[in-house]
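Participant: Here you go, sequence then predicted model.
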Amino acid sequence: MLELGGGAKAAGKSDYVKDVTEANFMAEVIEKSQTVPVIVDFWAPWCGPCKQLGPALEAEVEAAKGAVVMAKVNVDENQMIAGQMRVQSIPTVYAFWQGQPIDGFQGALPPSEIKSFVAKLIEASGGETGNGLGDAVEAAEAMLAEGAAEDAAETFAAILEEDGELAEAHGGLIRARIALDQLDAAGAALAAVPPKLSDSAPVEAARAQLDLAKQAQSAGPLDDLKGKVEANPDDHQARFDYAQALYAAGNAEEAVDQLLELFRRDREWDNEAAKTQLFTIFDALKPNDPIVAKGRRRLSSMIFA
């Protein structure tokens with residue numbers, strides 16, 4: 001922690017790093033994360049590893065120049081927030097994006113892993129990847145958006161022949177196979193992703209789309225499921241199935257509404273199945289999709305109410 005380790009920078013903390021309390025946690029973390037990723041560092045003055053991790057994290061955040069910001073929470077002075085976030089040891093770090101924690105870790109990390117953690121968060125929010133094949137990826141994405149999925153698949157595959165560790169190309173190839181209704185091939189493409197890229201945002205998004213595409217294969221008739229929900233609003237399984245069918249039919253917004261209603265009625269039902277399914281849909285859609293922003297905001301309000 002800067003105040004403890006050597007104070008020169010403590011007095012000049014930048015706009016990218018702030019001390020946050022219970023009074024402004026909602027504004028500086030939940031609300032701010034709607035527009036920029038927020039890294040929350042739970043620390044305490046007596047914690048040795050915190051003194052190692054904190055400055056290293058701050059350095060990476062400063063280097064990002066506003067692509068990500070950082071909130072430091074002293075757990076001794078803000079025990080309620082620490083309890084709500086189930087912080088059991090420190091340092092604990094959470095990454096918030098659009099009102100939700102999307103990543104995190106406990107304990108000090110080496111510099112390379114800190115850099116990777118920050119880069120992954122920026123990437124998840126739609127930040128630049130800085131890869132030399134970016135133009136080719138962009139062209140393949142345009143093909144996919146225009147419905148030329150076969151061309152997109154071929155282009156993504158060609159990109160991967162040049163750089164097999166480009167997460168965007170792996171994700172794109174999986175999504176192109178899904179668009180072609182080649183779910184087995186999409187699964188094979190997912191299995192071919194290098195382990196170190198398996199948790200990257202592009203691959204996670206593609207994995208979520210594949211999960212939803214598989215669910216769509218067994219989705220029931222919309223009208224029948226809607227009738228069941230209307231006849232018995234407390235039939236949670238029917239409402240969950242109805243949400244799956246709505247997403248399969250291309251109505252993501254209504255699917256999110258139904259899952260939020262299920263979460264409101266019984267958040268614990270089936271091991272928090274509603275929340276899990278919401279996160280799958282959020283991961284599958286683009287981070288800046290209005291459905292994602294609205295859904296995450298409403299879910300956050302319910303969780304922190």
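Facilitator: Perfect, I can see it now. Numbers count the residues shown, from 1 in each chain.
Participant: what about the residue nearest the centre of the chain, which helix or strand?
Facilitator: Residue closest to the mean C-alpha point of the chain, counted by Cα atoms, centre = their mean, is residue 102 at 4.3 Å. Per DSSP states H and E, residue 102 falls inside strand 100-106.
Participant: Repeat that for residue 152.
Facilitator: Counting by DSSP H and E, residue 152 is part of helix 149-162.
Participant: repeat for residue 211
Facilitator: In this structure, residue 211 sits in helix 201-217 according to DSSP H and E.
Participant: Buried residues, that helix. List them.
Facilitator: Neighbour-count burial for helix 201-217 flags 201-210, 212-213, 215 (criterion: 16 or more other Cβ atoms under 10 Å). From N, CA and C alone the C-beta is placed, and that goes for glycine too.
Participant: Any chance of those residues in JSON lines with pLDDT and distance to residue 276 as columns?
Facilitator: Formatted as JSON lines, the buried residues of helix 201-217 follow (pLDDT from 0 to 100; distance: Cβ to Cβ, whole Å):
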{"residue": "201", "pLDDT": "77", "distance to residue 276": "18"}
{"residue": "202", "pLDDT": "84", "distance to residue 276": "21"}
{"residue": "203", "pLDDT": "90", "distance to residue 276": "18"}
{"residue": "204", "pLDDT": "88", "distance to residue 276": "14"}
{"residue": "205", "pLDDT": "89", "distance to residue 276": "16"}
{"residue": "206", "pLDDT": "93", "distance to residue 276": "18"}
{"residue": "207", "pLDDT": "94", "distance to residue 276": "14"}
{"residue": "208", "pLDDT": "93", "distance to residue 276": "11"}
{"residue": "209", "pLDDT": "93", "distance to residue 276": "16"}
{"residue": "210", "pLDDT": "95", "distance to residue 276": "16"}
{"residue": "212", "pLDDT": "94", "distance to residue 276": "12"}
{"residue": "213", "pLDDT": "93", "distance to residue 276": "17"}
{"residue": "215", "pLDDT": "90", "distance to residue 276": "12"}
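Participant: And those, which is closest to residue 138?
Facilitator: Ranked by distance to residue 138 (Cβ to Cβ), the buried residues of helix 201-217 are led by residue 202 at 13.0 Å.
Participant: C-terminal to the lowest-mean-pLDDT helix or strand in the chain, what's the next element?
Facilitator: Ranking every helix and strand in the chain by mean pLDDT, DSSP states H and E puts helix 2-5 at the bottom, with a mean of 29. Per DSSP H and E, the first helix or strand lying C-terminal to helix 2-5 is strand 17-19.
Participant: other SSEs contacting that following strand?
Facilitator: helix 48-64, strand 69-74 (3 or more Cβ pairs under 8 Å, 6 or more residues apart in numbering; DSSP states H and E).
Participant: helix or strand right after the last one?
Facilitator: Using DSSP H and E, the helix or strand that follows strand 69-74 towards the C-terminus is helix 79-84.
Participant: I'm done for today, thanks for sticking with me.
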